[in-house]
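K.L.:
model this:
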Amino acid sequence: MAKNSPPSLHIFPSENEVLGALADFFVATAAAAVAARGRFAVALSGGSSPKKLYELLATPAYRARVAWERGCFFFGDERNVPHTSPDSNYLMAKTALFDPLGIRPAQVFAVDTALAPAEAAAQYGVAVEEFFGEHEANFDLVLLGLGDNAHTASLFPHTPVLHDPTVGVKEVWLPEQQVFRITFTAPLLNQARATAFLVYGAGKAAAVQQILELPRDVDRYPAQLIAPAAGNVHWFLDEAAANKLK
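P.N.:
Purely as a prediction, here's the structure:
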């Protein structure tokens, strides 16, 4: 992480408290963006942890606290599968968040996984550029998870995309899994106004320590790349995930 802008750590005893705190942060960030710019642009994360966050945001306790009609929803990464696949980040968000809240299709910017991976990535990069127009692509909020191998979005260890200097979207081939993924590059992620990691469980404790405390080695610990110029990085952790931190 950038030494002049240490991340903010929010550590709670339980998973439910972590989810509630991040939901509150989401509400506040959305409100500030709508007040300042009239809309709220967020890059969503996939996985089981974000799914629980989205389900919480769709409950009566939260749904009335966000101007959902002002939201614009992108995906920081996507699996190269059809939108009907159970592995699709889009389908997960549609089921957990968009459908329950009545989010209009025009508000959702999905990766076109019917295209070849390189073409899908290029087209999604154009969609991001066109959305922001003449302005820099500054998402109001980027939501991120953390794999136990220290990857985030689809920035995996020892993949070429880790050293891609472009602000854009790229395809990533994962040899171990024999699959493609589509991901925002680190420079695009780092233009965000605010970034929030959602991490809980003892299985993530080693990765959390690697990212936050070990010397920089982005090939081994890709999430170390996340150091936005705005310096507004928040880690929402439970005590189990934080238990290796000094």
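
K.L.:
contacts and neighbour counts: CA atoms only from here.
P.N.:
OK.

K.L.:
from Leu189, how far out is Val167?
P.N.:
Distance, Val167 to Leu189, using CA to CA, to the nearest Å: 8 Å.

K.L.:
the more surrounded of those two?
P.N.:
Neighbour totals were compared for Val167 and Leu189, and Leu189 leads with 30 against 18 (other CA atoms under 10 Å).

K.L.:
run through the strands of the protein in chain order.
P.N.:
8-12, 40-44, 71-75, 77-79, 141-144, 169-174, 179-184, 195-199, 233-238 (DSSP state E).

K.L.:
ok, which of the ones you listed comes nearest Ala121?
P.N.:
strand 169-174 (5.1 Å; CA to CA).

K.L.:
report the buried residues of that closest one.
P.N.:
Within strand 169-174, the residues scored as buried using 16 or more other CA atoms under 10 Å are Val169, Lys170, Glu171, Val172, Trp173.

K.L.:
now, which of those residues sits nearest His234?
P.N.:
The closest of the buried residues of strand 169-174, once distances to His234 are taken by CA to CA, is Val169, at 23.0 Å.

K.L.:
need the buried residues of strand 169-174 in TSV (columns: pLDDT and distance to Asp217).
P.N.:
Listed next are those as TSV, based on pLDDT from 0 to 100; distance: CA to CA, whole Å:
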residue	pLDDT	distance to Asp217
Val169	98	22
Lys170	98	21
Glu171	98	22
Val172	98	19
Trp173	97	20
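
K.L.:
neighbours of the nearest residue to Ser154 once chain neighbours are set aside, how many?
P.N.:
What sits nearest to Ser154 in space, not counting adjacent residues and going by CA to CA, 6 or more residues apart in numbering, is Thr183, at 5.3 Å. When neighbours are counted by other CA under 10 Å, Thr183 registers 27.

K.L.:
just the pLDDT at Thr183, thanks.
P.N.:
What the model reports as pLDDT for Thr183 is 98.

K.L.:
Ala2 too?
P.N.:
40.

K.L.:
how about Ser48?
P.N.:
pLDDT, Ser48: 87.

K.L.:
so the residue nearest to Ser154 touches Val167, yeah?
P.N.:
No. Under the contact definition of CA atoms under 8 Å, Thr183 does not touch Val167, with a separation of 11.2 Å.

K.L.:
any residues in contact with both of those two?
P.N.:
When contacts are counted by CA atoms under 8 Å, 6 or more residues apart in numbering, the set common to Thr183 and Val167 is empty.

K.L.:
what's the angle from the lengthiest helix in the chain to strand 8-12?
P.N.:
In the chain, with assignment by DSSP state H, the single longest helix is helix 15-37. Here the directions of helix 15-37 and strand 8-12 differ by 140 degrees (axes from the mean of the first three to the mean of the last three CA atoms, to 10 degrees).
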